[in-house]
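**Q** just coords:
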């Protein structure tokens, strides 16, 4: 299973469109980790691709003016791996990923996907249970940052991750 992971597009879809075009026909799911989750609706997504989007602080702030139905987090089974998708602002990820990692452990996730920091990250931690939690932030796909997105491939329970830059 191949998944394109975006975050922090902030209303700008051009980089997402470029990534979607580059990988057209070669991915199974698209995830947006907030701060522009609705931007995916303006992109040409292939029929049949699974789409997951969560609310970020951007959606929370503007929800009084632009209502949305995005959840603050989604736990999903993707390619046989349990994944926790959050924006990260509710877990203080700019200071530490500990609270988000604890939440991932609580829901039994093997992969934590988050955004908010605008900084790509790819790491792992050993949970108190002894399980390994993969932690991945695709960075910010919007312009005005070192723009990036993530690719997650799940093969036979193995989680392979990479960042792509514009």
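**A** Looks like it came in fine. Just so it is clear, the structure is predicted and the values come from calculations on it, not from any experiment. Numbering: from 1, shown residues only.

**Q** worst-scoring helix or strand of the chain, pLDDT-wise?
**A** Every helix and strand of the chain was ranked by mean pLDDT, DSSP states H and E. The lowest is helix 57-62, at a mean of 86.

**Q** Which secondary structure elements does it sit against?
**A** Contact partners of helix 57-62 among helices and strands, from 3 or more CB pairs under 8 Å, 6 or more residues apart in numbering; DSSP states H and E: none. C-betas here are computed from N, CA, C, even on glycine.

**Q** Give the buried residues for it.
**A** Neighbour counts over helix 57-62 (16 or more other CB atoms under 10 Å) mark 58, 59, 60 as buried.

**Q** could I get those as TSV with distance to residue 86?
**A** As requested, these are exported to TSV (distance: CB to CB, whole Å):
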residue	distance to residue 86
58	14
59	12
60	12
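
**Q** what are the phi and psi values for the closest residue in space to residue 113 that isn't next to it in sequence?
**A** Excluding its sequence neighbours, the residue lying closest to residue 113 (CB to CB, 6 or more residues apart in numbering) is residue 85, at 4.9 Å. When read as degrees, to the nearest 10, the backbone of residue 85 gives phi -110, psi 120.

**Q** these two touch, right, residue 85 and residue 71?
**A** No. The criterion here is CB atoms under 8 Å, and residue 85 misses it with residue 71 at 9.1 Å.

**Q** where do the contact lists of these two overlap?
**A** residue 54 (CB atoms under 8 Å, 6 or more residues apart in numbering).

**Q** neighbour-wise, which of the two wins?
**A** Just comparing residue 85 and residue 71: by other CB atoms under 10 Å the higher neighbour count belongs to residue 85, 26 against 14.

**Q** ok, that one to residue 148 distance?
**A** With the distance defined as CB to CB, to the nearest Å, residue 85 ends up 17 Å from residue 148.

**Q** Residue 66 too?
**A** 26 Å.

**Q** who has more neighbours, those two?
**A** residue 148 (22 against 10).

**Q** Spatially, what comes nearest to that one if we skip its sequence neighbours?
**A** Residue 148's closest residue in space is residue 139 (CB to CB, 6+ apart), at 3.5 Å.

**Q** burial measure for the one you found, as a count.
**A** By other CB under 10 Å, neighbour count at residue 139 equals 24.
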